[in-house]
Every structure is written in structure tokens, then in C-alpha cells.
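S.K.: Give the three-dimensional model of this entry:
(one chain, ligands or ions: 1)
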Amino acid sequence: MKNHYRLVISCPDRVGIVAAVSQFLNERQGSIVEASHHTDPEQKWFFMRHVIDAESLNISVEEFREQFAPIADQFDMTWYVNDSADRPKVMLLATKESHCLNDILHRWHTGELSCDIVGVIANHEELRSMVEWYKVPYHCIQVPKEDKMPAFQAIEKCIDDSEADTIVLARYMQIFPEYLCEKYRHRVINIHHSFLPSFIGAKPYHQAAVRGVKLIGATCHYVTADLDAGPIIEQDVIRVRHSHTAADMVRLGKDIEKLVLSRGLRYHLEDRVLVHGNKTVVFSE
Ligand SMILES: Nc1nc2c(c(=O)[nH]1)N[C@@H](CN(C=O)c1ccc(C(=O)N[C@@H](CCC(=O)O)C(=O)O)cc1)CN2
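M.R.: Numbering: from 1, shown residues only. Below is the predicted model of the structure:
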């Protein structure tokens, strides 16, 4: 598998950015294998994601960072460059629902997701045997209603000790405290089982059934202190009929939740998601 550097840039829009990046790569014989950019005309903001064949550049990713920094300063860029050889560490969180958790574990186990799942944190014991079948550490951290903070401090320690880069709430049914949302900003991904902004909070399918909707969906988004209101990474919908009950929607919704979460996580792991304000630009393949 070829090794690539992924250069991700966000900056105020102006003429000359693409030319400057192209010249930098051309001077180093860099072979661009994937090139994406977007300008938001209202925000006057520029977004870029370039994937470069690392072998063609013949410099380390640290050298790339040192040599690119002056260009980044010139254009006031917010930027990073990652090496595709580095596998992100992912911590999964779950409660009792198994479909999204198992789907991510299966996609990882079969090599579809290029990451290292470092553990599962759950607030119940039900999922332990399934997780341990994948030989992934299982941490049961219960969250008592009367005082949740010690539990979230234990979750924080577990995440930090594992050196996880990304945290996935795979139908984890506890609201993350604001301090963790800030600490892990744009690193915590949630799957909400509705087509946001419709039906935030608990039991969205029951809300949908009462409303008589003809479409139900799922939303993958970054977690913020505002419940189910973080930057959206991926969404999709499926059609439902007047004859479908809330229970039918729960059953039908599971497939779309799995699909949306796995897409959203892969986009994040491949550095395809650029956040600006409460919106994202996603350079999906
Ligand atoms: N800070 C955030 N935390 C979480 C978010 C978020 O967007 N910001 N998303 C939720 C997921 N979620 C819906 O997708 C959700 C989960 C839980 C609840 C809720 O009301 N939970 C109760 C406890 C319920 C229980 O103990 O069984 C609570 O935390 O008080 C609403 C929405 C994940 N976290």
C-alpha cells in the first residue's frame, strides 16, 4: 500500500493559494494523487485537501511541516499534514444498543477502517462478550444519575491512557459534560438516530412516528455542549410509510444509522472533514 501525506488547509480566501501550494509541491517533485478545494463565497473562506504520494516528495512528514510553514504563515492558514501510514487510535463508547458498535468493530476487524480500536467504554455490561470476541478491551464505567462527574473523570482517564485520537459515541446514551466536549473538540463523533435538526434528544423515532414523517434518517456529527447540534459530518435517509410504527422505524433505522456512522467515521479518519464554525466541508471520495 503506497504511503501518502494528507495536507489539509483552511484560510481566508485570496488569489494565489492554489498556485503557491502547487509550486511548493512542484519544486519537490510531489505527485498529487487527490486534489480538492472549495471556496465559500459568503464566508470568503478557502478549503483545500491534497493527497500527495510520499515517495515522490522524498522528505519526511516533519520536514514537510517545517518547509511548508512559511507558506502557511503567508496565507494565514490553519493547516495540518498527516501521514497515511500513521493509524489513528479510536475509542468507542456504547450503552446497550449493539448494532452501530458491532458494525464499526466488524469494519475494523475486516480491515475496512484504517485505524486501531484501542477499547470500548460502556455504562452497562451487556456488550462485553461481543466486544471481547474482537479481542478489544472492554471498560464498564457506570454513570450514576445522582453524581455523574466521577464517571466522566474515569472515562477521561481511560481515553487519555489509551492515547485515543478519536472518540466515537456508538449510540452512547449519556450526555457528555461541556468540559470534555471542549477538551476533545472535533474529536468526538456521535450518531444521532434522526435526520437533524429534526427530533433532537431521546426517542427520535417515537417523535417521528407521532409527526407522521415519510422519511427517517440518521446524522453523524461532532459532539458539542449543545445536544445534537454539533457540526454535521454525514447524513442519509430512508422512506417510511403510514403503516410503519415507531417500533418499525427503530428496526428500519438501524441500517441507516450503521451506514451513516461508518461513512462519517471514515471521512474523519481520512482527514476529509474540515470544520468552519458549526458547518463542515467534506471532501468525500
Ligand atoms: N454533549 C453531548 N453529549 C452527547 C451528545 C451531544 O450531541 N452532545 N449526543 C448524545 C447522543 N444522544 C442522541 O443521539 C442522546 C443521548 C442521551 C440523551 C439523554 O437524555 N441521556 C440522559 C440519560 C439517559 C439514561 O440514563 O438512560 C442524560 O444524559 O441525562 C439524549 C441524547 C450523546 N451525548
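
S.K.: switch to C-alpha atoms for all contacts and neighbour counts from now on
M.R.: OK.

S.K.: I'd like to know how far the residue of the chain most remote from its centre sits from Ala209.
M.R.: In the chain, Ser243 marks the outermost C-alpha relative to the chain mean, sitting 34.4 Å out by CA atoms, centre = their mean. As judged by CA to CA, to the nearest Å, Ser243 and Ala209 stand 10 Å apart.

S.K.: Which residues of this protein lie near the ligand?
M.R.: Applying the criterion CA under 6 Å from any ligand atom, the portion of the chain that neighbours the ligand consists of 172-177, 190-192, 201-202, 223-229.

S.K.: and with 8 Å instead?
M.R.: Neighbours of the ligand within the chain, by CA under 8 Å from any ligand atom: 143, 145, 169, 171-178, 181, 190-193, 200-202, 221-230.

S.K.: doesn't Val118 make contact with Tyr138?
M.R.: No. Under the criterion of CA atoms under 8 Å, Tyr138 makes no contact with Val118, lying 9.5 Å away.

S.K.: Compare these two (neighbour count), which wins?
M.R.: The residue with more neighbours, out of Tyr138 and Val118, is Tyr138; 20 against 17, by other CA atoms under 10 Å.

S.K.: Assign the nearest residue to the more buried one once chain neighbours are set aside to helix, strand or coil.
M.R.: The spatially closest residue to Tyr138, leaving aside those adjacent along the chain, is Val120, at 5.0 Å (CA to CA, 6 or more residues apart in numbering). Under DSSP: H, G, I helix; E, B strand; the rest coil, Val120 falls in the strand class.

S.K.: Excluding its own residues, what touches stretch 55-74? List them.
M.R.: 3-5, 20-21, 24-25, 28-31, 78-83 (CA atoms under 8 Å, 6 or more residues apart in numbering).

S.K.: If burial is judged by neighbour count, which of the residues you listed pass?
M.R.: With burial judged by 16 or more other CA atoms under 10 Å, the buried subset of those is 4-5, 21, 25, 30-31, 79-83.
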